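1. Please find the sequence and the predicted model below.
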Amino acid sequence: MKDLRNKIADYIDTLDLYSITYLDAFPTTPIEAVMLRAMPSTAKETAYMDGSAEGSVSFNIYARSKTQNTAVSALDKIVKALDCPQLELEEGLYIVAQPTTFPALVQKTDAGEYTYSCAIKINYTWEK
């Protein structure tokens with residue numbers, strides 16, 4: 001499902017974090033930012049004759065902030081919101097998320113910016 005990434009980013013944006021969710025890359029500004037990136041090598045989809053589909057894809061979620069606690073808290077909130085038995089993102093699109101890593105430090109810059117990341121696997125079913 002091509003736009004699953006956008007739908008997950010839109011769902012994350014409903015969580016009232018300190019930033020909107022950017023896709024694939026952080027902007028130069030603002031420093032305080034959340035980003036979602038798909039890991040295409042793990043994507044798998046089975047399409048059916050009736051137009052429905054099911055599959056799985058893994059995502060990395062990144063949080064960048066001037067404070068470690070802000071970044072880690074954002075990732076914890078995202079994982080908790082996604083980690084449900086089944087979540088309906090829109091009519092007919094159901095996901096089950098499995099966190100695969102805990103938030104971990106990716107980078108600390110000389111300017112004092114922290115970037116943390118965690119990974120989730122999304123299994124989805126789309127019923128046409």
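-> Good, I have the coordinates.
2. for the chain, what's the longest strand?
-> Criterion DSSP state E: the longest strand present in the chain is strand 33-47.
3. I'd like the next helix or strand past it.
-> Going down the chain from strand 33-47, the next helix or strand is strand 53-65, by DSSP states H and E.
4. Give the buried residues for the very next helix or strand once past that next one.
-> Next along the chain after strand 53-65, taking DSSP H and E as the criterion, comes helix 68-82. Buried residues in helix 68-82, defined by neighbour count with 16 or more other C-beta atoms under 10 Å: Thr70, Ala71, Val72, Ser73, Ala74, Leu75, Asp76, Ile78, Val79, Leu82. For every residue, glycine as well, the C-beta is placed using N, CA and C.
5. Let me see the mean pLDDT of helix 68-82.
-> Mean per-residue pLDDT for helix 68-82: 95.
6. which other helices and strands contact it?
-> If you count contacts as 3 or more C-beta pairs under 8 Å, 6 or more residues apart in numbering; DSSP states H and E, helix 68-82 packs onto helix 4-13, strand 53-65, strand 93-99, strand 114-126.
7. closest one to Glu45 among those?
-> Closest to Glu45 of those, according to C-beta to C-beta: strand 53-65, at 3.4 Å.
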